[in-house]
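*Asks:* A predicted structure for the sequence below; I have some questions about it.
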Amino acid sequence: MQTSIRQQIKVSLFLLSLVPLLVFGLFATWRVYLDQYQQALDLQKEVTKRVTNEIFILLHEHENKFILLTKLYNLLDLSRPQQYDLLSRTRSFKDKIHHDIIDDIFLVDNSGQLLASASRIHLKSEPDMSGIGELSDLVSRARSQRIFYSSVQTRKETGEPIIFLTVPIKDLQTGMTRGALIARLRLSLVWDQIVHLHFGRKGVIFITDCNGKIVAHPNPSIVLSGRSIDIPEQGKNEITVNGEKVLRVYEQIELSNQSFYIVTDRLAREALSLARSTFIAAVVFLFMTLLGVVLFSVAAARKIIHPLESLTQTAQKICDGKIGAQAEIPKEKEPALLANAFNKMTSQLLEDIEKRKEAEEDLKEYQSTLEDAINERTNKLTEANKNLHMQIMERSKAENALKELLAFSRNLTSTTDLRSLYRKCTELSKELLRLEFSTLMVLSDDRRHLVLEDTIGLPESTIGTLSLVQGQGLSTYVVQEKKAASVSDFATEKRFEIPPIVFEYNITSAICVPMMISDEVTGVLIGHTREKRQFSDDDFLLYQSFANQAAVAINNSLHLNRLEESEKKFRTFFDNASDAIIIYDLDGKLIEVNKVTCDKLGYSRDELLAMNPGEIVAERFAPLIGNRIRSIVHSHEKFFETAHVSRDGKEIPIELSCKLIHHNSQPAILGIARDITERKKVEKELLKVRKLESVGILAGGIAHDFNNILTAIIGNINLATFMVDPEDDVHKLLQDAEKASVRAKDLTRQLLTFSKGGEPVKKIASIAEIIKESADFILRGSNVKCRYHIPDDLWPVEIDTGQMSQVIQNFILNSSQAMPQGGIIDITCRNMAGDATHPLPVCRQDTIRIEIKDQGTGIPEKIIENIFDPYFSTKQTGSGLGLAVTNSIVSKHGGHITVKSEQDIGTTFTIFLVAMPQKKLEKKANKQKGDARAQGKVLVMDDDQAVRGIVQRMLTRLGYEVVLAEDGEKAIRFYKEHLESDTPFDISIFDLTIPGGMGGKEAIVKILDMNPLAKVIVASGYSNDPVMANYEKYGFAGVITKPFRLDDIIHILKTTLES
Amino acid sequence: MRYVCTFFKLKEVSFLAAVFFFFSLLTACGTGSEKKEHYVLGFVNLNHKLDPIISSLKENLEKWGYVEGQNVTYLYKGSLKSPEEIEPELQRIITNGVDLLVALTTPVALKAKEVTAGTDIPVLFIPVFSPVESGIVQSLASPEGNLTGIKVRGSTPKALEWFQAALPNLKTIYVPFHHTSMTAIQTMADLQDAARKLHLQLIVKNINNEAELSAALSAIPDSADAIWMTHSQLIVSNIEKFGKASLGRELPVGSSVGTRNPGVLLSYSPEHQTLGEQASRLADKLLKKVPVANIPVETANFFLYLNLKSAKKLGITIPDSIISQADIVVR
């Protein structure tokens, strides 16, 4: 390895100045640091010692005070007041910091008996002995030790540290211990003396007991946590606390049986900051000096080395190709001589290089001439070789074409794919006559176009798209002439119009032969060449013979394809029909079945084809099979209703459409069987509905008439109660009669609901409220209770609240009657999002599901289907209308009811109602209360004389003047007369329907024409009539349903007149 | 510098720059000084008679290294006139930002607890009669929350004992009692308990306001041998009235409050100067971020006060043994 002169000079200079400087500088710096370290430690020791002395003196003062007390006074022989006085004075004696360090003093005799005490806080009669322990133990210890200190304790209630000091009281003559003085000292006041004696920012003084447990610290949390420290060995002052170097110094206080350590901690970096600052300053100075030395060394080295570097750089340039580079001539003599000699050497070298370049140029020119001659010879040999190879290839292709022609002939009948057949024809015909273009064209079905079906040479895009009509091209000419023809040069051709594609592809000659089947042309084969060619007779013969074979093959292929397509269509239709399709022979035996038949009947196709017709037909229809076949044969087409039996024995009602057909050239019967199970069910339901409607119409009519009768009955009874003394027996009888009439009113309400007239008058409502009100109403006083499981977010429903209340009441009544011994009815409601695939139509939209489940005896299976039939009842009392009405109401709401029952377990009725999740609930209107005006004129229109009579009596009793009308026409006339005579009616009450006359609905129109402010109340026994629900829409000012009581009349008149 | 750059190669210059940087850093580390902290203390006081405690606290804090104008600022606008001013004043001080809030009297401490709830502002209460019973803290030894301080309850039984010792013929004591004050109720409980043990009879007169206090002091029963002054904001504020009543009826006044008050013959109670000193020690701990739960509530140091001038006016001779034990004697 080469050594650098520059580096050597630098290193030499470094060593001469650096080593002595470093050795001396570091030594001096280290000495200064050690001195200052010792000074910091001494200072800390001094502080520790002083604090130790302070505390030692403080505690000793108290010790001495007690010793003096015991020696000066014969305490145990003094009277109690004297003892207390002495103790109190001693306790009150303030130390030099004027604080009550002594909390309590106790005087104890030899047996541990408390004789007297003085306390800072407590009464002398109630000394605080907590924490002191057994007094006799303390006296006993005092006997063996002169002074006795307890361990440091903490007061539980205040957290204050305390210590007990026990001083023995000895007989001065015998030296025997007679008792003891015990003092409770408040150490916190002692500790407070030291905690503020901190030194430095991070210095801390604290006290530990002899085990190193901290008993006083400026941070009380450290004392409370019971932390201990390790007392370091003497002479070892530097320790690590929480990852930081700390200088720790301690002094011990010996107190009789106890000892404490006064410990001072100070962060080493703070204590030694002066030493470190000095150390750093010295090091900085040292290194600055070193830096000067470095600068000097570098400058000196540069002065010596620079001329050498200049020469080196020039030599490097020459190496890099700059031959003419000249060295810089330095000022100094020796390097200048060296640089001159170097420059001469480079000039001589430059001349030699020029001569060598000229010789190289000559050599390059000779090499170039030789390479050209070699390339020319190589090209000629390559061309000859290529020609030879082409000849071999052409011969080989011709042989292959011949082989293909033979293979085509052999496989002609086995090739069925039409497209492959076309391609084969064009390829082989091309090879056969060594044509450049080979094309096959087929005559269209209408025989007016020749369509290009395959080609080699012409663009692929012409396949299926290029078609020629008569007169266009050689091919149509051949079709017309039905014989082969050729063109030797299209440029001179005149027999037909030449298609543009001929010229686009520079075609000159062509040969074309017809493809013939039974003397009928089906297409042509046509071949083209770009070069002019005369086709020989052999060419025509060979090409025509090939075309004839191709025509037969193409014709066969076409027929085969059509047949397969037809079969495929039939199979698709047969297998994918939605109905079962069966083909029978004329003996009724199954000879073909589709997939649906197999699926429906549960047999495989093979099983069915092996079965007799009687095996799949329901037993009652089996004897009819023979007659039915005969009638089909006779009329060719027939339609029956019958039933099949599936593998699992289930009977499937079907509608069988039969037709006489030919199958496999034999007469057969095609049967299409449609499953009509669902239709049968619907028919059954429809029958039931019609039955219900009939009963409903009847019930509605009865209810309406009945309400009119009840109006008279209830009205009169009600009126009579006001005429009789309430204490009278007659009053009681009238009330009973009125109650019975009200029950009759409820029955008519049910009848009306059930009838056609009971169309629900719907509004948005909460079903939860209706359920709770209705159930509670029915179960009041019963031993059956309801449990509700109804979510808060139950969707609203659009319902007739009265009717729906009736539904719930009927179900609850039914359930409660099923539990004569009492029980629980669980009512559960929940929202159900619409499911398009749900079997129940109502559940295909958003619904709420109400489940009413009892713990009753259950409904026997044989009657469960009849429970919704009107007048069907298993109870001796009851109309049998309850569940029928319920079913009717739910149906009219577009809902659905299901029932599930298990004997002795209970019955569950489930109601599905259409929900209105987006709708908001309507607020209940406040009912007005009060009496009607006691005067005024009222027009009453009703066809029922009894009703008119009772209304008149009621109104007259209230103080109204009443005018009666039997129908709408009379009412209008009376209204007009009174209006014109300036004595108009204040209010009118019109019956909604008048059989055979004008009812209230029509009359109100004319009344309002006369007086738009007319107040007319509509009354009807059809409480559920839409007019009654939307009376304002029809122009009425109020509504009242029959039958009504006097209170109802008062209320409606009051509210209407005030509105 | 320009000469140096052209004289040396770049590598050498880089090396030298690194050397300079290193030594600059070393020097800066060695001579760096630590940041000096500044503290803000806020005082809220409802009784102007407690101002000496604040003065003492400030004075003693200087011993701990907190010098006003240098590293500590005090926010105190003087004693408040009514309890309604407490909350606005606390809010004002908290808004200004304080390191320690000093609450003087029980009502202020209670309101400070409410206002500083959820903050980490430490509260030092002085003097509070009974912080546990008043609901300021739940434990004296380990106060939870952010409040600690000095309680003064505990001196009443001993004060009564000293009063009895000073007046050997004492049988019946008249006690105007501000019965709506929690502090007065607690004092009364201590007093009644001690009186029972010391076989003394108390005549208690309920008062609600200053007028009733004046009326009560002007209608002292004849059977009363002395008057007792209980802890209460109302009573402490009207301490002079007791002095007048004492002289008017020639009845001595005893108390566990009102140290150094000329109207009181004897009291055993905390002393303002010492309370300030005691509080300064706690304040130092709180400012040094010692957790409040680790700073037990301290009981004030009690001092026996004797006013021999009053005794002379009343014709009472106090036994020497009592005088010798008194901490403060007014002659």
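*Replies:* Ah, there it is.
*Asks:* Quick one: classify the residue located most distally from the centre of chain A as helix, strand or coil.
*Replies:* Computed with CA atoms, centre = their mean, the maximum C-alpha offset from the centroid of chain A is found at A:Gln173, amounting to 99.0 Å. Following DSSP: H, G, I helix; E, B strand; the rest coil, the label given to A:Gln173 is coil.
*Asks:* Compute the distance between it and A:Ile231, please.
*Replies:* 44 Å (CB to CB, to the nearest Å). Where C-beta positions appear, they are placed from N, C-alpha and C, glycine not excepted.
*Asks:* On the pLDDT front, check B:Gly27 for me.
*Replies:* Not Gly; residue B:27 is Thr. On the pLDDT scale, B:Thr27 is placed at 47.
*Asks:* in the stretch 201-331 of chain B, which spans are strands?
*Replies:* Remark: strands assigned in the stretch 201-331 of chain B by DSSP state E, counting those that start in this stretch are B:201-207, B:226-229, B:253-255, B:266-270, B:298-299, B:302-307, B:328-330.
*Asks:* With mean neighbour count, distance to B:Pro143 and mean pLDDT as extra columns, can I get those in JSON lines?
*Replies:* Rendered in JSON lines, the data for the strands of the stretch 201-331 of chain B read as follows (neighbours: other CB atoms under 10 Å in any protein chain shown; distance: least, CB to CB, whole Å; pLDDT from 0 to 100):
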{"stretch": "strand B:201-207", "mean neighbour count": "17", "distance to B:Pro143": "32", "mean pLDDT": "92"}
{"stretch": "strand B:226-229", "mean neighbour count": "27", "distance to B:Pro143": "29", "mean pLDDT": "93"}
{"stretch": "strand B:253-255", "mean neighbour count": "27", "distance to B:Pro143": "28", "mean pLDDT": "92"}
{"stretch": "strand B:266-270", "mean neighbour count": "27", "distance to B:Pro143": "19", "mean pLDDT": "91"}
{"stretch": "strand B:298-299", "mean neighbour count": "20", "distance to B:Pro143": "11", "mean pLDDT": "88"}
{"stretch": "strand B:302-307", "mean neighbour count": "24", "distance to B:Pro143": "21", "mean pLDDT": "91"}
{"stretch": "strand B:328-330", "mean neighbour count": "15", "distance to B:Pro143": "30", "mean pLDDT": "89"}
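*Asks:* where does the stretch 1-150 of chain A have low pLDDT?
*Replies:* Across the stretch 1-150 of chain A, the stretches falling below the confidence threshold (pLDDT under 70) are A:1-3, A:94-99, A:145.
*Asks:* all helices of it, in order?
*Replies:* A:5-72, A:80-92, A:135-144 (DSSP state H, counting those that start in this stretch).
*Asks:* Show me what from the stretch 301-450 of chain A comes close to chain B.
*Replies:* Of all the residues in the stretch 301-450 of chain A, those in contact range of chain B (CB under 8 Å from any CB of the partner chain) are A:Arg302.
*Asks:* And the residue of the stretch 301-450 of chain A that's closest to chain B?
*Replies:* Closest residue of the stretch 301-450 of chain A to chain B, CB to the nearest CB: A:Arg302 (7.0 Å).
*Asks:* Count the neighbours of that residue for me.
*Replies:* Residues within reach of A:Arg302, counting by other CB atoms under 10 Å in any protein chain shown, total 17.
*Asks:* Okay, it and A:Glu309: tell me how far apart.
*Replies:* With distances defined as CB to CB, the gap from A:Arg302 to A:Glu309 amounts to 9 Å.
*Asks:* Kindly report the same for A:Gly626.
*Replies:* Looking at A:Gly626 against A:Glu309, where the rule is CB to CB, the gap reads 131 Å.
*Asks:* returning to that earlier point: and the residue farthest from the centre of chain A, its phi and psi?
*Replies:* Backbone dihedrals for A:Gln173, given as degrees, to the nearest 10, come out at phi -90, psi -50.
*Asks:* what's the distance between it and A:Asn74?
*Replies:* 11 Å.
*Asks:* who are the neighbours in contact with A:Ala1003?
*Replies:* By CB atoms under 8 Å, 6 or more residues apart in numbering or on different chains, the contact set of A:Ala1003 is A:Met941, A:Gly968, A:Glu969, A:Ala971, A:Ile972, A:Phe990.
*Asks:* And the residue farthest from the centre of chain A, how far from A:Leu86?
*Replies:* Computed as CB to CB, the A:Gln173 to A:Leu86 distance reads 21 Å.
*Asks:* Between the contacts of A:Ala1003, which sits nearest chain B?
*Replies:* For the contacts of A:Ala1003, the minimum distance to chain B (CB to the nearest CB) is 72.6 Å, reached by A:Phe990.
*Asks:* what's the burial count for the closest one?
*Replies:* The number of residues packed around A:Phe990, counting by other CB under 10 Å, is 27.
*Asks:* which SS class is it?
*Replies:* The three-state assignment at A:Phe990 reads strand, by three-state DSSP.
*Asks:* distance of the most centrally placed residue in chain A from A:Pro917?
*Replies:* The residue at the geometric middle of chain A, judged as the C-alpha nearest the mean C-alpha position with CA atoms, centre = their mean, is A:Ala833 (17.3 Å). Summarising the geometry, the distance separating A:Ala833 from A:Pro917, computed by CB to CB, is 9 Å.
*Asks:* list residues touching both of those two?
*Replies:* Residues within reach of A:Ala833 and of A:Pro917 at once, by CB under 8 Å, 6+ apart, are A:Asp846.
*Asks:* tell me the contacts of residue 75?
*Replies:* All of this refers to chain A. Under the criterion of CB under 8 Å, 6+ apart, the contact partners of A:Leu75 comprise A:Leu69, A:Gln83, A:Leu86, A:Leu107, A:Ile169, A:Gly179, A:Leu181.
*Asks:* look at chain B instead
*Replies:* By CB under 8 Å, 6+ apart, the neighbours of B:Leu75 are B:Val40, B:Leu41, B:Gly42, B:Phe43, B:Ile93, B:Asn96, B:Val98.
*Asks:* Greatest separation within the residues you listed: which pair is it?
*Replies:* B:Phe43 and B:Asn96 (12.3 Å; CB to CB).
*Asks:* and A:Leu107, how many neighbours does it have?
*Replies:* 25.
*Asks:* who does it bridge with?
*Replies:* Taking DSSP bridges, one obtains A:Ala116, A:Leu181 as the residues bridged to A:Leu107.
*Asks:* which of the residues in stretch B:69-86 are buried?
*Replies:* Of the residues in stretch B:69-86, those buried under the neighbour-count criterion (16 or more other CB atoms under 10 Å in any protein chain shown) are B:Val72, B:Tyr74, B:Leu75, B:Tyr76, B:Ser79, B:Leu80, B:Ile86.
*Asks:* do the same with stretch A:117-125
*Replies:* Result for stretch A:117-125 [16+ other CB under 10 Å]: buried residues A:Ser117, A:Ala118, A:Ser119, A:Arg120, A:His122, A:Leu123, A:Lys124.
*Asks:* What of stretch A:447-463?
*Replies:* By neighbour count, and taking 16+ other CB under 10 Å as the criterion, the buried residues in stretch A:447-463 are A:His449, A:Leu450, A:Val451, A:Leu452, A:Glu453, A:Asp454, A:Thr455, A:Ile456, A:Gly457, A:Leu458, A:Ile463.
*Asks:* could I get the residues you listed as TSV with pLDDT?
*Replies:* Output for the buried residues of stretch A:447-463, formatted as TSV (pLDDT from 0 to 100):
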residue	pLDDT
A:His449	90
A:Leu450	91
A:Val451	92
A:Leu452	93
A:Glu453	92
A:Asp454	93
A:Thr455	94
A:Ile456	93
A:Gly457	91
A:Leu458	91
A:Ile463	91
